[in-house]
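Undergrad: What shape does this take:
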Amino acid sequence: MAIARPEHRDLLRSALIGILTVALSMVAVGLLAVNLLHLSALYLPKVAMVFAAGALLMLLALPADHPSGRIGAANEVTIARGALVALLAGLVGEHTGAATAALAVAVAAIAMLLDGVDGWLARRSGMSSGFGARFDMETDAVFVAVLALLAWQSGKVGPWVLLSGLLRYLFGGVALLLPRLRRSVPSSYRGKTIAVLQMLALIVAIAPASSVAVAAGVAAGALLALVFSFALDVVWLLRQPLLNEVLQ
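TA: Purely as a prediction, here's the structure:
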């Protein structure tokens, strides 16, 4: 495996230190949540499994597209965001009381706020990389999927809300069949804005103070915006070969 090469050892060591440091804090928070909220004995194993899966995928992808010999502060923040997402994922299948929902909102709000920090750190430190961008994007995708599951679990919205988390993966599945969709879409203010609105809407939906009408309304509005954004990206990708042929 590429990750075992000597030139990757410092990078691997740096990543493992970051992962283990975050994991210890995550377990401490998880234990506190179990004791305060009387969560099930499965809560911590669920959290650990989600975090371990994400960490393994990160380590496997790290050497291919990371230019530095250390993981960097930006990716360390993304690892921390991954731990917060794992803490949220552990709540799937737990009881849905007001205190549990309040915890979910607090953890999700911190994760969303940190979403802007990792990119800023990468640019400030000059350590922007294809790996970091992909790591951040995949963490966002899992974050939205977990929030959608929690929104459905709350009973305030129907199973349609799961499309908020599944749409990105459905797009990836279709792209396997249509080569035109496999290219990268240029980063846009529209895409970033809708991604933030999606997270915010789902956090509002799971908030204990939100009524059924409010939860369903904001979640549906955000989903429609997301579908529209994906549709624009699909149209852009499908038109690219035609535009290239005209230019040639």
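
Undergrad: Tell me which helix or strand the nearest residue to Pro159 once chain neighbours are set aside sits in.
TA: In space, Pro159 comes closest to Trp152 once its chain neighbours are excluded; the distance is 5.9 Å by CB to CB, 6 or more residues apart in numbering. C-beta here means a position set from N, CA and C on the backbone, and glycine is covered the same way. When elements are assigned from DSSP states H and E, Trp152 belongs to helix 130-153.

Undergrad: same for that helix, what does it pack against?
TA: Packing contacts for helix 130-153, counted by 3 or more CB pairs under 8 Å, 6 or more residues apart in numbering; DSSP states H and E, involve helix 43-61, helix 73-89, helix 98-125, helix 163-177, helix 189-206.

Undergrad: Can I get those helices in a markdown table including distance to Ala145?
TA: Listed next are the helices and strands packed on helix 130-153 as a markdown table, based on distance: least, CB to CB, whole Å:
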| stretch | distance to Ala145 |
| --- | --- |
| helix 43-61 | 11 |
| helix 73-89 | 9 |
| helix 98-125 | 12 |
| helix 163-177 | 3 |
| helix 189-206 | 10 |
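
Undergrad: Please work out which of those is packed deepest.
TA: Most buried of the helices and strands packed on helix 130-153 by mean neighbour count (mean count of other CB atoms under 10 Å) is helix 73-89; its value is a mean of 24.

Undergrad: if we can go back for a sec, now render the helices and strands packed on helix 130-153 as JSON lines, adding mean pLDDT and distance to Phe143.
TA: What follows is the helices and strands packed on helix 130-153, written out as JSON lines (pLDDT from 0 to 100; distance: least, CB to CB, whole Å):
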{"stretch": "helix 43-61", "mean pLDDT": "94", "distance to Phe143": "11"}
{"stretch": "helix 73-89", "mean pLDDT": "94", "distance to Phe143": "5"}
{"stretch": "helix 98-125", "mean pLDDT": "88", "distance to Phe143": "6"}
{"stretch": "helix 163-177", "mean pLDDT": "89", "distance to Phe143": "9"}
{"stretch": "helix 189-206", "mean pLDDT": "92", "distance to Phe143": "7"}
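
Undergrad: For Gly217, which of those is the nearest?
TA: Closest of those to Gly217 is helix 189-206, at 9.1 Å (criterion: CB to CB).

Undergrad: Please export the C-alpha coordinates of the closest one as PDB.
TA: Once non-C-alpha atoms are left out, helix 189-206 reads as follows in PDB (Å, rounded to 0.1, in the frame of the first residue of the first chain):
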ATOM      1  CA  TYR A 189     -21.100  30.900  -4.200                       C
ATOM      2  CA  ARG A 190     -24.500  29.400  -5.000                       C
ATOM      3  CA  GLY A 191     -23.300  25.900  -4.100                       C
ATOM      4  CA  LYS A 192     -21.700  27.000  -0.900                       C
ATOM      5  CA  THR A 193     -24.700  29.000   0.200                       C
ATOM      6  CA  ILE A 194     -27.100  26.200  -0.500                       C
ATOM      7  CA  ALA A 195     -24.900  23.800   1.400                       C
ATOM      8  CA  VAL A 196     -24.900  26.000   4.500                       C
ATOM      9  CA  LEU A 197     -28.700  26.600   4.200                       C
ATOM     10  CA  GLN A 198     -29.200  22.800   4.000                       C
ATOM     11  CA  MET A 199     -27.200  22.300   7.300                       C
ATOM     12  CA  LEU A 200     -29.000  25.200   9.000                       C
ATOM     13  CA  ALA A 201     -32.400  24.000   7.900                       C
ATOM     14  CA  LEU A 202     -31.900  20.500   9.200                       C
ATOM     15  CA  ILE A 203     -30.500  21.800  12.500                       C
ATOM     16  CA  VAL A 204     -33.700  23.900  12.900                       C
ATOM     17  CA  ALA A 205     -35.800  20.900  12.000                       C
ATOM     18  CA  ILE A 206     -34.300  18.800  14.900                       C
END
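
Undergrad: Cool, thanks, talk later.
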